[in-house]
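**Q** I would like to see how this sequence folds:
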Amino acid sequence: MRRMMFVVLHAGLVSGCVADLDGDAEADAEAEATEFRAKPPKNTIKNNKEYPNPAGASATFSDAGKVDLGTDFTKDFGTNGRTCITCHTEKEGWTISPSFVQSRFASSNGLDPLFRPVDGANSPLADVSTLAARQQAYSLLLSRAVIRVGIGIPDNAEFELVAVDDPYNYASAAELSLFRRPLPAANLSFMASVMWDGRVTGATLLDALGEQANGATLGHAEALAPLTTAQREEIVDFEFGLSHAQIKGSVADKLSVAGGKGGPEFLSNLDRAVGPFTIYDAWSSLQVDPRECHSEQQITAARMAIARGQALFNTATSATGSTCRGCHNVANVGTNFNGTFFDVGVSSPDLRSPEVPLYTLRNLTTGEEISTTDPGRALITGRWNDMNRFKVPSLRGLAARAPFFHDGSSATLLDVVHHYETALGFDFTPAEEADLVAFMNAL
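**A** The predicted structure follows:
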């Protein structure tokens, strides 16, 4: 089944310039950076190849029969050494993680193509002339695996920016600095909108995906010319066939046995439809057999926990009457069918860390003021009611791509559950929290 998906360099055209360096430091930094320009991988990956993660292992299944890492997805069309795979690697669930970023920094002294001031640094004007300077300049990328997206207040906005608290002294109404996780480059045929704030659109989803590929190349890769039509199509076609999911649990073992329907191959055959999660329905009737060996009992108990977590995800109700699947309503995938944008409180000033900018905005009609770390959809539509709203991402393959939420503010899935308990009024017992985490880790 052919699948629509998009290039998730987590793109957007961003403006800014590289910090001016003095004399020899500039030449040395340029020479070192040249050594770390990306080289297209020449190998392929077998379907269902397992990549370990803390919850077991994830895998990718391609409709092409294998994952070919020799396509335009991995080729360098820019000026700074970046390609799509720089920020979307198969080993990290088609995105990047802090541990991956830190490893790349250590192996290259912060000169790998991932580390570019245009959007990898906390400010595009940051000093990157020395190793110590780069460690400071790329601190958010290193700690949260987030990319800086620069977006200004739109001309038609129903609000104005009245205050900025930016530790990096760059953000303004012309360009807010927004730090967001690269979305995974897989499972994207189930999406109804492109990017966290839906700012790339087109006559069709495929058109939008092509535009995003081009915008990512011009922005993140700092290309001097747009992608050709053929290059856009090859990038989109590569992603078109990628399905990614958890394939094995650390205790539950294989997720596609005993009636379970986990793993990327089952996912690749799903149609996009509204419905609950049902992939672990068969495990709801399991029982631990005392006659089995201890390890088999543990596997069965782990699978039972996953099934209980699935039931909670589908049916547990918050104080406001909402359910998890109310927003995550694409069956067995967990994105939103209509592409609705939601405010789940992640941008709240109460949750702001001092290393993240804070913005105060005023409604031009009512005079109401709010503070936020990221206005989200409102910066695209200009509407006050869209403040702090973001898209609902796919939940498949979650275990491979911590940290979570658009800003990487939740380090673990248990942190995610705790956030929703506080922000939306869910009330889970510790045992229920554990079951929910077990389920999400099995996606």
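**Q** make it CA atoms for all contacts and neighbour counts henceforth
**A** Fine.
**Q** how close does Glu175 get to Gly78?
**A** The spacing between Glu175 and Gly78, counted by Cα to Cα, to the nearest Å, is 23 Å.
**Q** Looking at these two, which one has more neighbours?
**A** Per other Cα atoms under 10 Å, whichever of Glu175 and Gly78 has more neighbours is Gly78, with 20 against 16.
**Q** how near is the spatially closest residue to that one that is not a sequence neighbour to Ser318?
**A** When the adjacent residues along the chain are set aside, Gly78 lies closest to Ala223, with 3.7 Å between them (Cα to Cα, 6 or more residues apart in numbering). Using Cα to Cα, one gets 47 Å for the distance from Ala223 to Ser318.
**Q** same question, Ala402
**A** With Cα to Cα as the criterion, Ala402 and Ser318 are 25 Å apart.
**Q** higher neighbour count, those two?
**A** Of the pair Ala402 and Ser318, Ala402 is the one with more neighbours under other Cα under 10 Å, namely 26 against 17.
**Q** So for stretch 123-133, mean pLDDT?
**A** Model confidence over stretch 123-133 averages 98 on the pLDDT scale.
**Q** Which positions in it come out as buried?
**A** By neighbour count, and taking 16 or more other Cα atoms under 10 Å as the criterion, the buried residues in stretch 123-133 are 123-129, 131.
**Q** Same check on stretch 318-335?
**A** By neighbour count on 16+ other Cα under 10 Å, the buried set for stretch 318-335 is 318, 323-335.
**Q** where in this protein is pLDDT low?
**A** With pLDDT under 70 as the threshold, the chain has low-confidence stretches at 1-42.
**Q** tell me the strands in it, going along the chain?
**A** 44-46, 51-53, 56-62, 66-68, 147-151, 159-165, 176-180, 242-249, 253-254, 358-363, 369-372 (DSSP state E).
**Q** Quick one: the helices in this structure, in order.
**A** Chain-ordered helices for the chain, with DSSP state H as the definition, fall at 23-35, 84-87, 98-108, 131-137, 139-144, 205-219, 229-240, 264-268, 294-315, 324-327, 378-381, 413-424, 430-441.
**Q** Give me the contact list for the fifth one.
**A** If I follow you right, that is helix 139-144. For helix 139-144, contacts defined as Cα atoms under 8 Å, 6 or more residues apart in numbering pick out 97-99, 101-102, 120-122, 146-147, 181, 355, 403, 407-409.
**Q** Centre of the chain to it, how far?
**A** The chain centre lies 14 Å from the centre of helix 139-144; the measure is Cα atoms, centre = their mean, to the nearest Å.
**Q** Please identify the buried residues of that helix?
**A** Within helix 139-144, the residues that qualify as buried are 139-144, counting by 16+ other Cα under 10 Å.
**Q** For that helix, C-alpha coordinates in CSV please.
**A** Below are the C-alpha coordinates for helix 139-144, written out as CSV (Å, rounded to 0.1, in the frame of the first residue of the first chain):
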residue,chain,number,x,y,z
SER,A,139,23.3,23.6,24.7
LEU,A,140,19.5,23.1,23.9
LEU,A,141,20.3,20.9,20.9
LEU,A,142,22.6,18.8,23.2
SER,A,143,20.1,18.5,26.1
ARG,A,144,16.8,18.3,24.3
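**Q** show me what contacts Ser250?
**A** For Ser250, the contacting residues are 54-57, taking Cα under 8 Å, 6+ apart as the criterion.
**Q** Pipe the residues you listed into JSON lines and attach distance to Ala252 and neighbour count per row.
**A** Shown next, in JSON lines, are the contacts of Ser250 (distance: Cα to Cα, whole Å; neighbours: other Cα atoms under 10 Å):
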{"residue": "Pro54", "distance to Ala252": "13", "neighbour count": "11"}
{"residue": "Ala55", "distance to Ala252": "10", "neighbour count": "19"}
{"residue": "Gly56", "distance to Ala252": "9", "neighbour count": "21"}
{"residue": "Ala57", "distance to Ala252": "11", "neighbour count": "25"}
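**Q** ok, the residues you listed vs Leu111, which is closest?
**A** Within the contacts of Ser250, proximity to Leu111 (Cα to Cα) peaks at Pro54, which comes in at 27.9 Å.
**Q** pretty sure the closest one is touching Arg401, no?
**A** No: no contact is recorded between Pro54 and Arg401 when judged using Cα atoms under 8 Å, the distance being 10.3 Å.
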